[in-house]
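Colleague: next come a sequence and a model predicted from it.
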Amino acid sequence: MKLFNLDFIEKTERRQSPIERMAFTEKTATDSSLEAQKKEEKLKKEERERNLNERLGTLSVNKAEPFDFAKERIIGNNDLVSINYLTLGYIASRAVCRIHVKNIKGGNEGYGTGFLITPDLLLTNNHILADSGSAANSFAEFNYEYNLKGTPATSILFDLDPEKYFYTNAELDYTVVAIKSTSKTRNRSISEFGYLKLSEERNTVVVSEFVSIIQHPGGGYKQIAIRENEVLTKDENYITYMTDTAQGSSGSPVFNDQWQVVALHHSGVPKKDDNGNYLCKDGGVFQPGMDDSFIDWISNEGINISAILADLKSNNMPNSLVNEIFTLPAFKADDTVSGQSLIFDPKNIDGRKLISIINNKITFHIPLEISVGLGSGLQLSAGNFTAIEEEQKTSYTIDPAVNQKYGDRKGYDASFVKTSKFRIKIEDLVKKQADVLAPICNPTSKNKHLLHYFNFSVAIHKHRKLCVLTAVNIHGEKLESNKRENTKWILDPRMDEKYQTGPEVYDKNDLDRGHMVRRLDPVWGANADAANDDTFHFTNSAPQHMNLNRKTWLSLEDYILKNAGKEGVKVSVFTGPVFSEDDIPYRGVLLPLEFWKVAAVIKENGEPSVTGYMLKQPDNIEDFRIAEGIREDGFGQFKTYQLPIQKIASLTGLAFDKFKEYDPLAGVDFKESANLIEITSPQDIKL
C-alpha cells in the first residue's frame, strides 16, 4: 500500500514503551538498560502467570489436538505439533485473500490481505479500506497461490459489497465489509472458501507463545510465516510479535497453534535514523507516498480479535450480518474442500491420473487400471471420496518445421547494426539472467541457451516458459511482403517441451499467440520464406488477449525505419514480456500484462540510437471482464509509450543500461504514466 498518512504507525510506536523498543534495536546494552530489561522480564513473567489459567481453559475445549499435547507446548519445552496441524492450516488458508485496492478511476493503489469471518463478511485493516467508496472500487482475490505442482493456481475474484454492510474503526485500524456471494466470473460461490470463526476469549494466546501468519506479502502469492513468531507483549487491544512478515501483509490473520485467529496484523515499529526519520530496507529515508513494503520494520503489531469483537458488538448490534460472527459455528471441513483433496490432486499427480469419472464409469489408476461401471438407473457420485469429473481434452498434433535444417539458422547478428565503438551482443544482454534461461538440448561451449532462427534469436525463461527476449535484424531495403497463408504454429525440437508454452494454453479461449518478433521483420534475404515460418514457433509467442490494441505496437518498427531518415536503414529490435508478480495465473503459466521493445539504429549522422518502448496499461484503466476466470484487472486498452532504456533494464534484468548514452531519453525520470511519451505516430518517436 502507498502510505500518505502515517498516523497508525506513530500510534504503534507510542504504544510500545522505550524499554520494549530497546529490545528490537541494535544498541549496545548499558547497566541501566540491563536493569530495565530485567524489570521487563519480571513483568512478562507476572503477566504470563495471570493469563496462563485462562489460556489453558481455551485449550480444554479445543478439538484439534489432545489437551496434554498443547499444554506441554505452552508450559514445557516440547515444540512438536500434531501432524493435522498442516492440514488444518491449509483449510484456514482458504479463507485468506488478496485485496486489490482501487481508486475511483480504477487505478491500482496497492494490495492488502483480508479474510472471511462469515460467509458474507470480510475483515481487513482500516488503512487498506478506509471508507465505503474505497471498498466499492476494490475487490478480493482468492486462491492466488501456488498449487502442488509448483504452478500458479487459477484465482477467483469477488466484488466487495459495502452497500450491504460496511463498518470501520480507525483507532483499532480494522474494517469489516460485505462481499458478493458469487464471483465476478465462472459463477463460483464464496461459500466454498469457508470462513475463520472469531472468538471473544481474551487469552487465545499468551506471551512467549508462537503465532503463525497467512498472508499476501507485498501483494504477492499467498505465503505463511509459521511458528517463528514469538509473542512479546500483549495488552487489552494489541499484541506485538517478532515475525518475518513483510508489510503489504497488513490485514492478515494471526493464528495460535490451534489455528484460532488471535489478532489482525496491521503495523509495526520501523527502524529510524538519528533524526527520527523512518528508514527503508535499502537505508534510504521513507517518504510519504512510497509503498509500505519499503519500510524496514523491527517489530510487528496486531489488534486483538477480542477487542475487535467488543467494538463490533457495542456499535453494530442488533445487525443480522454482524450477529452471525458471534452465532455461527466454526467452519467445518472434512478431507476435501470444494471437491479438492487437501493431500493430493486426484486428477493428476506428476502426470498420472489417479481417479476419473467418464460416462458414469469410475476408473482407478494405481497403476493397475480398474474400471467399475454402473447400470443406467444409477448415477455415480464422488460420495465420501474425492473424484473429479474428467473433461474430454483436445488432442494436439504438432507438425515439424518445413525447413528442418536448424543448423543453417544463424540467428541475430550483433554486427548488423554497429559502429567502431557500438555493438549489442545478445549474450551480454542475458548474462545476468543465465540462471533462469532454459537450456537447449544440444548445448555447445559457445551456446547453451539461445535458439537461433533465420535473422532472429530467442532466449526462453525456464520457469515462465516464455521468452526472456527476442532479437531480430531488420533490413529496411530488403523486406518482403510475405503472405501468411495459414502457417501452423510449431514447437521447437531443439528445446524440451516442458520449457515451451504450447497450444493447450490457447485452446478455446480469447487468447492470441502474440508474435514477439513481428512476422515480417526477419522476412528478407535468401531465406525469407523460411524466416516467415520460423516466426511461428511457440518460442516466439506470448499469450495476449484478442482485444489488445496492437496497431501502434506493431507499427513501431515502421515508425523507426521512417524516422531514421535514410533508405535501406538497418534496425535491430529486441522484444519481450515484463515478468511481474501481477501477471495472471492461467493453465499453469503466468500471462504477462506488459511488453517492451528496444530498437537500435544508426542515424543519418552516423551516430547510434537506442530507444525503449513499453506496451502498458494506463493507471486509470477499467477492469476488462472475460469469461475464462482470468483476473479481470489484467487486460484492457493498452497504450504504447517511449521510455528510457534504463527503465527497461531495471524491469527485466537485461543489460540495456550499458547503452544508455545512446538513448535520447537518458537521465529523464519517468515515474508516472502521465509523464510517459505516448506513441501514436512516427512524429512521437525521439531518436
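Modeller: Here it is on my side, so go on.

Colleague: other SSEs contacting the one helix or strand residue 267 maps to?
Modeller: With elements taken from DSSP states H and E, the one containing residue 267 is strand 261-270. Counting contacts by 3 or more C-beta pairs under 8 Å, 6 or more residues apart in numbering; DSSP states H and E, strand 261-270 is packed against helix 7-15, strand 210-215, strand 238-241, strand 253-255, strand 297-304, helix 305-316. Where C-beta positions appear, they are placed from N, C-alpha and C, glycine not excepted.

Colleague: and it, which strands flank it?
Modeller: Paired neighbours of strand 261-270 in the sheet (DSSP bridges): strand 253-255 (antiparallel), strand 297-304 (antiparallel).

Colleague: closest one to residue 173 among these?
Modeller: Each of the strands paired with strand 261-270 has some distance to residue 173 by C-beta to C-beta; the shortest is strand 297-304, at 6.2 Å.

Colleague: now that closest one: mean pLDDT?
Modeller: Strand 297-304 comes out with an average pLDDT of 83.

Colleague: the inter-axis angle of it versus strand 210-215?
Modeller: Calculated by axes from the mean of the first three to the mean of the last three C-alpha atoms, to 10 degrees, strand 297-304 forms an angle of 90 degrees with strand 210-215.

Colleague: pull out the buried residues from strand 297-304.
Modeller: Of all the residues in strand 297-304, those buried under the rule 16 or more other C-beta atoms under 10 Å are 297-304.

Colleague: can you name the two of these that sit furthest apart?
Modeller: Farthest apart among the buried residues of strand 297-304 - using C-beta to C-beta - are 298 and 304, which lie 21.2 Å from each other.

Colleague: now the angle between strand 297-304 and the longest strand seen in the chain, please.
Modeller: If you go by DSSP state E, the chain has its longest strand at strand 223-234. Put simply, strand 223-234 runs at 80 degrees to strand 297-304, going by the same axes, to 10 degrees.

Colleague: what strands flank strand 223-234, and is each parallel or antiparallel?
Modeller: Under the rule (DSSP bridges), strand 223-234 has strand 210-215 (antiparallel), strand 238-241 (antiparallel) as partners.

Colleague: coming back round to it: ok, the buried residues of strand 297-304 vs residue 517, which is closest?
Modeller: Using C-beta to C-beta, those come closest to residue 517 at residue 297, 44.7 Å.

Colleague: touching, the closest one and residue 270? I think so.
Modeller: Yes: assessed by C-beta atoms under 8 Å, residue 297 is found in contact with residue 270 at 5.8 Å.

Colleague: what's the spacing between the residue nearest to residue 236 when sequence neighbours are not counted and residue 120?
Modeller: Once flanking residues are discounted, residue 236 sits nearest to residue 307: 6.4 Å by C-beta to C-beta, 6 or more residues apart in numbering. Taking C-beta to C-beta, to the nearest Å as the measure, residue 307 falls 22 Å from residue 120.

Colleague: what about the two, which has more around it?
Modeller: residue 120 (23 against 20; other C-beta atoms under 10 Å).

Colleague: which residues touch that one?
Modeller: 164-165, 178-179, 181, 190, 321, 324 (C-beta atoms under 8 Å, 6 or more residues apart in numbering).

Colleague: recalculate using a threshold of 6 Å.
Modeller: 178, 321 (C-beta atoms under 6 Å, 6 or more residues apart in numbering).

Colleague: how about the helices in the stretch 401-550 of the chain?
Modeller: With DSSP state H, counting those that start in this stretch as the criterion, the stretch 401-550 of the chain has helices at 426-429, 528-534.

Colleague: pick the most buried one from the helices and strands packed on strand 261-270.
Modeller: Among these, strand 253-255 has the highest mean neighbour count (mean count of other C-beta atoms under 10 Å), at a mean of 29.

Colleague: what mean pLDDT does that one have?
Modeller: For strand 253-255, mean pLDDT is 93.

Colleague: turn the buried residues of strand 297-304 into a markdown table, columns for distance to residue 402.
Modeller: A markdown table is the format used below for those (distance: C-beta to C-beta, whole Å):
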| residue | distance to residue 402 |
| --- | --- |
| 297 | 59 |
| 298 | 63 |
| 299 | 64 |
| 300 | 61 |
| 301 | 65 |
| 302 | 63 |
| 303 | 66 |
| 304 | 69 |
